[in-house]
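Student: below: sequence and its predicted model.
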Amino acid sequence: MVRFLRPLLRGTTYTRLLHLWVPMLIVSVWMFIDPSTPWVPALVLLPVGLIPAVRRGEGVQARLLLMPGDEESVISVKPSTNWRDRLRTVLWLQARMVLGAVAMFATIWLPILVFELVQVAIGGHPGDTPVLRDVQPHWMYALLAPLPLVVLYGVVVGLGELVTAVARRLLGPSAAERLAALEERTEQLLERHRIARELHDSIGHALTVAVGQAGAARAAGDPAFTDRALEAIEETGRAALEDLERVLGILRESDRPASSRPTLVDAGRLLECARATGAKVDAEITGPLDTVPGPVSREGYRILQESLTNVLRHAGPVPAGIRVDVTDRALVLEVRNPLTAEIPGPGRGGGLRGIRERAALLGGRTRTGPADGDWQVHVELPLR
């Protein structure tokens, strides 16, 4: 019994009933003008439904009254963009008018019927009741009084579910809107993945370098070297904080540009940080770095950064060779270091995967793995 009456305790039941009553306001006004033509308001709604903005208004009403609090509502709140959406809106207006008429009739006359059954049961005169005009008074009519209430309950709850189902069908997103929503969701996922990759590359590199510098300073036992290491740790930490603030700014402001990201022109900072850990880094840079297009230069910086991080993390302060070659057609990045006992295989770890993803995004090629006794990361990024 409690489960049967539970819909009466939900606010949605009554907001849906209100949604069904709203069109009847127009009919009520028209009935004062010409009671003999109650079908005129439905006829007027035919051209009204063809107005694109009407679909938006109906969608807002449906969300607020039919599915309040539903954050994942399937009801569209965008104007009509094609004739299929306009026709669906027209059909929705007609269906809403019909269901509203049924709801209005039931909520007015069923309570009146209950009142008249009770009145006849207690001896009221038949002439006093417009529905049961010819019925003779009898106490047994009191037993029938609950039936209209049960019917009213079924009509209110049932019509609410029915109008919600019709709204999902007729006011739901079109194929174009669903495709646009899917593309937007894909863009959001890609942006989240890019931000996670940015944090992995910048913060991971900073922590790896700082740990390496601290270990080298402790092992060296030289106050001068320790001072240089602390200075390098401070610089690395400051750069990591700047990267963190920039990424958090992107999260707070989705339209904020990422033009402040470092480029290959700033690669000298990476090399100095790596050398401060005690690693010997030989760099060969050919070609003008400042002519590399912005997106390629920014991604190239991150690829070089992650490659150096992998060297320090997996091989330690070992000699590393870096080659950066800028030609008219491509940017070539190569990082090599002696093989150690730990060899990260292809596809293992997020760093190498991030390097491949960055290169693939720009249409480039990546080779990682052992080569002539060294571990090699070789990336080619097209400039055209």
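Tutor: Noted; the coordinates are in hand. Numbers count the residues shown, from 1 in each chain.
Student: quick one, phi/psi of N337?
Tutor: Per-residue torsions, N337: phi -150, psi 160 (degrees, to the nearest 10).
Student: next up, the contacts around it.
Tutor: Counting by CB atoms under 8 Å, 6 or more residues apart in numbering, N337 touches V311, A315, V318, P319, A320, G321, D374, W375. All C-beta atoms are positioned from the backbone trio N, CA, C, and that covers glycine.
Student: got JSON lines for the residues you listed, with neighbour count, secondary structure and distance to S76 too?
Tutor: Putting those into JSON lines (neighbours: other CB atoms under 10 Å; DSSP: H, G, I helix; E, B strand; the rest coil; distance: CB to CB, whole Å) gives the following:
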{"residue": "V311", "neighbour count": "28", "secondary structure": "helix", "distance to S76": "52"}
{"residue": "A315", "neighbour count": "20", "secondary structure": "helix", "distance to S76": "55"}
{"residue": "V318", "neighbour count": "17", "secondary structure": "coil", "distance to S76": "59"}
{"residue": "P319", "neighbour count": "14", "secondary structure": "coil", "distance to S76": "61"}
{"residue": "A320", "neighbour count": "24", "secondary structure": "strand", "distance to S76": "56"}
{"residue": "G321", "neighbour count": "16", "secondary structure": "strand", "distance to S76": "58"}
{"residue": "D374", "neighbour count": "14", "secondary structure": "strand", "distance to S76": "58"}
{"residue": "W375", "neighbour count": "24", "secondary structure": "strand", "distance to S76": "54"}
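Student: give me the lowest-pLDDT entry from those.
Tutor: pLDDT across the contacts of N337 is lowest for A315, at 68.
Student: pull out the buried positions in whichever strand or helix holds T89.
Tutor: Remark: T89 resides in helix 83-121, with elements defined by DSSP states H and E. For helix 83-121, burial by neighbour count (16 or more other CB atoms under 10 Å) applies to 85-86, 88-90, 92-97, 99-101, 103-104, 106-107, 110, 113-114, 116-117, 119-121.
Student: dump the contacts of N337 to JSON lines, plus distance to D34.
Tutor: As requested, the contacts of N337 are exported to JSON lines (distance: CB to CB, whole Å):
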{"residue": "V311", "distance to D34": "87"}
{"residue": "A315", "distance to D34": "90"}
{"residue": "V318", "distance to D34": "94"}
{"residue": "P319", "distance to D34": "96"}
{"residue": "A320", "distance to D34": "90"}
{"residue": "G321", "distance to D34": "92"}
{"residue": "D374", "distance to D34": "93"}
{"residue": "W375", "distance to D34": "89"}
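Student: and which of those is nearest A267?
Tutor: Checking those against A267 with CB to CB, the nearest one is A320 at 13.3 Å.
Student: beyond the lowest-mean-pLDDT helix or strand in the chain, next helix or strand please.
Tutor: None of the helices or strands of the chain scores lower by mean pLDDT, DSSP states H and E than helix 175-220, at a mean of 69. Sequence-wise, the next helix or strand downstream of helix 175-220 (DSSP H and E) is helix 223-252.
Student: that next one - contacts with which helices or strands?
Tutor: helix 175-220, helix 267-275 (3 or more CB pairs under 8 Å, 6 or more residues apart in numbering; DSSP states H and E).
Student: pLDDT weak spots in the stretch 251-384 of the chain?
Tutor: 251-260, 277, 315-316, 340-350 (pLDDT under 70).
Student: recalculate using a threshold of 90.
Tutor: For the stretch 251-384 of the chain, applying pLDDT under 90 flags the ranges 251-321, 327-329, 337-364, 368-376, 382-384.
Student: which of the residues in stretch 284-294 are buried?
Tutor: Residues L289, V292 are the ones in stretch 284-294 that count as buried (16+ other CB under 10 Å).
Student: so what would you say the end-to-end distance of that stretch is?
Tutor: 21 Å (CA to CA, to the nearest Å).
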